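Novice: quick one, what's the 3D model for this:
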Amino acid sequence: MKKLDLYTYLIGSKASSPSPGPWEEGPTRLIKDADGFTVCDTSISLASEEHLVGNIRLIAAAPDLLEALEFVDNFLQGFDDPRLLDSPMYSDVIKAIKKARGES
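Specialist: So this is what the prediction gives:
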């Protein structure tokens, strides 16, 4: 199977769910989920040390960021105000949530 086919198979699957958060960066450049399983191995990255550290921290924060965006979504919907729900900021929140869920 070609790499692209495998990527399409895995990412294109509708039956997906992220590993449980919080995710933590480990001392060996592994990012572990709440159950201790490896979510991401960044030890093979060719990025500069500065970018690598930034990438590790961003990946580890992903579950928390999604949870915060979902909170903002629910909070703003509670106002039922078209000025909020039609705003570029709210649109960005929804786009990011959909991207994280594979719905974009």
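Novice: just the helices in the protein please.
Specialist: 3-11, 49-77, 82-85, 88-101 (DSSP state H).
Novice: okay, buried residues for the second one please.
Specialist: Residues of helix 49-77 classed as buried by neighbour count (16 or more other C-beta atoms under 10 Å): Ile56, Ala60, Ala61, Ala62, Pro63, Leu66, Leu69, Val72, Asp73, Leu76. In short, each C-beta sits where N, CA and C put it, glycine included.
Novice: about what we covered before: among the helices of the chain, which is nearest Arg29?
Specialist: Among the helices of the chain, helix 49-77 comes nearest to Arg29, with 6.6 Å by C-beta to C-beta.
Novice: any idea of the angle that closest one forms with helix 88-101?
Specialist: Computed by axes from the mean of the first three to the mean of the last three C-alpha atoms, to 10 degrees, the angle separating helix 49-77 from helix 88-101 equals 120 degrees.
Novice: take the helices of the chain and lay them out in a markdown table including distance to Ser17.
Specialist: A markdown table is the format used below for the helices of the chain (distance: least, C-beta to C-beta, whole Å):
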| stretch | distance to Ser17 |
| --- | --- |
| helix 3-11 | 13 |
| helix 49-77 | 11 |
| helix 82-85 | 27 |
| helix 88-101 | 9 |
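Novice: would a markdown table of those with mean pLDDT be doable?
Specialist: Below are these laid out as a markdown table (pLDDT from 0 to 100):
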| stretch | mean pLDDT |
| --- | --- |
| helix 3-11 | 51 |
| helix 49-77 | 90 |
| helix 82-85 | 90 |
| helix 88-101 | 93 |
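Novice: and Glu24, which of those is closest to it?
Specialist: Comparing the helices of the chain by C-beta to C-beta, helix 49-77 comes nearest, at 6.1 Å.
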